[in-house]
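# sequence first, predicted model second:
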Amino acid sequence: MSAIHFTPEAEALVTELAIDRGAIEQTIRHPDAVLTDKQFETLACLRWLDADRALFLSCGIAAGLSTPDRQKLAITEVVVRLALWVGSTLPAGQLVRGADMETMLALIAESFGLPVRCHPEEPWSTLYSGPTARYGPHTPFEVLHGTWRGDVLICGCFRPNENYAEYCWAFSLDKYRAWYQHQPPAV
């Protein structure tokens, strides 16, 4: 990994949550669970710090080298979009060490996300992968009416040329803060 960058929103969260940059680097370099979309544009990873606390990251992949068959990728540059302390017990249930990242991402999105969809004929979901509708150059991303309060960060991979979205969710900072304020301090 040659470079780790941060969006302004991620930078603010890292400061607010007092997340050590070394822990971020270790989570990217040595994750306990990792997930990328099929086109290697996004990365979700998690690293357990102890039995009850983990660091979760959602990143954009800015540069990497893939095998000719695009089955493996050596990531060389990422942009951190979201960095969160998570506990083994979340509002939507238990994070289980050893579970696959897609399962853990779904639980994190259910705990701190809002219902979304990218196509009017698809059901609402807190973690959406599926077809998208296109209206001009934009892919619609809907958050269920009446659920959006406070700051929301959209995560995931949108591929408008393919009319497809993968691992998309709307992170609610208000929902996260309400849970986090009742957690023991990070170590």
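Nice, thanks for sending it over. On a predicted model such as this, the values are computed, not experimentally measured, just so you know.

# what bridges to the most centrally placed residue in the chain?
Centroid-nearest residue in the chain, with C-alpha atoms, centre = their mean: residue 58, separated by 3.6 Å. Beta bridges link residue 58 to residue 44, residue 82, judged by DSSP bridges.

# in the strand or helix carrying residue 64, what's buried?
Using DSSP states H and E, residue 64 sits in strand 53-66. By 16 or more other C-beta atoms under 10 Å, the buried positions in strand 53-66 come out as 53, 54, 55, 56, 57, 58, 59, 60, 61, 64. From N, CA and C alone the C-beta is placed, and that goes for glycine too.

# and stretch 103-121, by the same measure?
Under the neighbour-count rule (16+ other C-beta under 10 Å), stretch 103-121 has 104-119 buried.

# need the contact list for residue 181.
If a contact means C-beta atoms under 8 Å, 6 or more residues apart in numbering, then residue 181 has no contacts.

# repeat for residue 57
Applying C-beta under 8 Å, 6+ apart, we find residue 57 in contact with 24, 27, 28, 43, 44, 45, 46, 80, 82, 83, 84.

# state the pLDDT value of it.
On the pLDDT scale, residue 57 is placed at 96.

# residue 176 in helix, strand or coil?
Here residue 176 is helix, with the state taken from DSSP: H, G, I helix; E, B strand; the rest coil.

# count of neighbours near it?
Look at residue 176: counted by other C-beta atoms under 10 Å, it has 24 neighbours.

# what's the answer for residue 27, then?
Neighbourhood size, residue 27 [other C-beta under 10 Å]: 24.

# again with the one 5 residues further on
Using other C-beta under 10 Å, the number of residues around residue 32 comes to 17.

# which residues in this structure form helices?
Along the chain, the stretches classed as helices by DSSP state H are 8-16, 21-29, 101-112, 173-180.

# the spatially closest residue to residue 176 that is not a sequence neighbour and residue 101, how far apart?
Closest residue to residue 176 apart from its sequence neighbours, by C-beta to C-beta, 6 or more residues apart in numbering: residue 112 at 4.6 Å. Counting by C-beta to C-beta, to the nearest Å, the separation of residue 112 from residue 101 is 16 Å.

# same check on residue 89?
Taken as C-beta to C-beta, the span from residue 89 to residue 101 is 18 Å.

# quick one, which of those two is more surrounded?
Neighbour count, other C-beta under 10 Å: between residue 89 and residue 101, residue 101 has more, with 20 against 13.
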